[in-house]
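Student: Return a 3D structure for these sequence lines:
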Amino acid sequence: MYRREGRILKITVFVLLAVLAAAGIVYAVKARRFSDASDNENNGAAATVDLSALSMTDESGEEENGQEPSGMDTENAEDQFLTESGLKYSIGPYSDEGYKLEKVVVLSRHNIRSPLTGPRSSLYSLTPYSWCEWSSPPAELSVKGGTLETEMGQYFRRWLEEEGVFEENYRPAEGKVRIYGNSWQRTVATARFFSTGLLPVDNIGVEHHKGINNVDPVFYPRFTYCPTSYREDALAEMEGLYYLAMPDLSCDYRLLTDVLDMEDSDAYKNGSFTGFCMDVPVFNLSKGNEPTVNGSLKTACQLSDALILQYYEEPNRYSEISGRELSWEEWEAIGEIKDIYGDVLFTSPLVAVNIAHPLLVEMNNELNTQDRQFSFICGHDSNLASVLAVLGAEDYRLPEAIEKRTPIGSKFVICQWKGEDGEEYISLDLVYQTVYQMQNVEILDESNPPGIYGIRLKGLEMDENGLYRAEDVMGRFEEKIGEYDTIMEEYK
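Tutor: Next comes the predicted model:
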């Protein structure tokens, strides 16, 4: 089945190439939009960058009155839990409807870190502007990131106390709460800061299985099998996603070049950088390694990542050194480069079912662990992206965020509820601090909740309160875990 679909996709890719010329109108429209936005900043009001080309579903949201598509069915009663932007008022407003919270499993991305490369890297030669002075070494959690994660842990603690899962000053018995992170400094530290806010009077340990800055196989999004036939079909899927993203990337590359004044950089002047190229990048797929890409997409993602992290860490840094104020829309377009990079590398069906398998098994075990109340599993954006993709999450774009898919510090929250009818239900949400909450280190509480966005899974029915039957969600986990073995057998 997968081989046949992969070959069909290859044909589709070549057909797409034939129609890409029509994308010129998209370039022109977006270029004008960015030009207008530079002259008229929208003072923080959310504007929408079109990510529909990367949609993994046939459904596409449409903007109305300048708001982003919420991904929610506006005819459903669940709308009572939504703000105007499509965010929820609470992770679990369901207790008011007679549901009792029983268990929570959280898959989290680490919080704000410094860029992955240091001062001697090409990052510093690609712009004449100086980057901010970070409070941590390269790739490690920043002081601000730790503060923000503690805030998020406190928010979860207060919510769990209100739901009756935790008592005040809770000190859980052994096995009730699990805090587990990948062994990189930024993930262990994020888990530690979160647990400090979650359980402030309990010295619960952070479980990690390797030495610091050594990757845990559970979190390593690597190919555990990659025969030639599989690689060819997986490459076809990845290239297909890239082709669909090309019109957006072309505009985003031009904006990034302008924002960083790259043509005045040392790299441009000495010829080591001649501009971003729209040729198909070289994807690297091999057994035992995670998918990677060379060329313009990788370089642009590194720059986008550093610029956005700096915007979270020191909001005024760019405007102070460049004399230019970027609009919200321009920041979204810069973030779009990272989103496209993550989607292309980690979310195509054949890739996601392979690289997410160990983590999917780990999460499934947590959901089935008796007497477990709360699990916190801390990894990376690639982990969230691949897990959501393999579970069949419908396309979404997060409101009040620059990174629309897996923002820094974001959490995939799975809550298990018992209804008054005695049945088990599950809610699925992405929880994240909005841009302004991060920049201003705002206290999170009932009057100022984090971004809480309901996730829909393709093919599963959601009830009027936005809940799934627990057996349906658990069945999806089992199905996708089993699909890994099915593909291995098919690609022998």
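Student: Which elements pack onto the longest helix anywhere in the chain?
Tutor: Among all segments of the chain classified by DSSP state H, the helix with the greatest residue count is helix 228-259. Packing contacts for helix 228-259, counted by 3 or more Cβ pairs under 8 Å, 6 or more residues apart in numbering; DSSP states H and E, involve helix 2-19, helix 24-39, strand 283-284, helix 296-313, helix 328-346, helix 349-355. No exception for glycine: its C-beta is placed from N, CA and C like everyone else's.
Student: ranges for the helices of the chain?
Tutor: Applying DSSP H to the chain gives helices spanning 2-19, 24-39, 143-162, 185-198, 228-259, 266-269, 296-313, 317-322, 328-346, 349-355, 357-368, 381-391, 435-440, 470-490.
Student: Can you lay out the ones you listed as TSV showing mean pLDDT and distance to L285?
Tutor: Output for those, formatted as TSV (pLDDT from 0 to 100; distance: least, Cβ to Cβ, whole Å):
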stretch	mean pLDDT	distance to L285
helix 2-19	45	13
helix 24-39	38	29
helix 143-162	97	31
helix 185-198	98	25
helix 228-259	97	5
helix 266-269	96	28
helix 296-313	97	15
helix 317-322	95	35
helix 328-346	98	10
helix 349-355	98	8
helix 357-368	98	16
helix 381-391	98	14
helix 435-440	98	34
helix 470-490	97	14
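Student: Now render the ones you listed as CSV, adding mean neighbour count and distance to G98.
Tutor: Below are the helices of the chain laid out as CSV (neighbours: other Cβ atoms under 10 Å; distance: least, Cβ to Cβ, whole Å):
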stretch, mean neighbour count, distance to G98
helix 2-19, 13, 43
helix 24-39, 14, 47
helix 143-162, 21, 15
helix 185-198, 25, 26
helix 228-259, 20, 42
helix 266-269, 16, 61
helix 296-313, 21, 39
helix 317-322, 15, 49
helix 328-346, 25, 38
helix 349-355, 24, 36
helix 357-368, 19, 22
helix 381-391, 25, 27
helix 435-440, 18, 31
helix 470-490, 16, 16
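Student: Redo these as JSON lines? Include distance to L107.
Tutor: JSON lines is the format used below for the helices of the chain (distance: least, Cβ to Cβ, whole Å):
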{"stretch": "helix 2-19", "distance to L107": "26"}
{"stretch": "helix 24-39", "distance to L107": "33"}
{"stretch": "helix 143-162", "distance to L107": "14"}
{"stretch": "helix 185-198", "distance to L107": "12"}
{"stretch": "helix 228-259", "distance to L107": "22"}
{"stretch": "helix 266-269", "distance to L107": "37"}
{"stretch": "helix 296-313", "distance to L107": "20"}
{"stretch": "helix 317-322", "distance to L107": "31"}
{"stretch": "helix 328-346", "distance to L107": "14"}
{"stretch": "helix 349-355", "distance to L107": "14"}
{"stretch": "helix 357-368", "distance to L107": "6"}
{"stretch": "helix 381-391", "distance to L107": "6"}
{"stretch": "helix 435-440", "distance to L107": "20"}
{"stretch": "helix 470-490", "distance to L107": "12"}
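Student: looking at those helices, which is closest to I455?
Tutor: With Cβ to Cβ, the closest approach to I455 among those belongs to helix 381-391: 7.1 Å.
Student: relative to helix 185-198, how tilted is the closest one?
Tutor: Put simply, helix 381-391 runs at 80 degrees to helix 185-198, going by axes from the mean of the first three to the mean of the last three Cα atoms, to 10 degrees.
Student: Who are the packing partners of helix 381-391?
Tutor: The elements that helix 381-391 packs onto, with contact taken as 3+ Cβ pairs under 8 Å, 6+ apart, are strand 100-109, helix 328-346, helix 349-355, helix 357-368, strand 411-418, helix 470-490.
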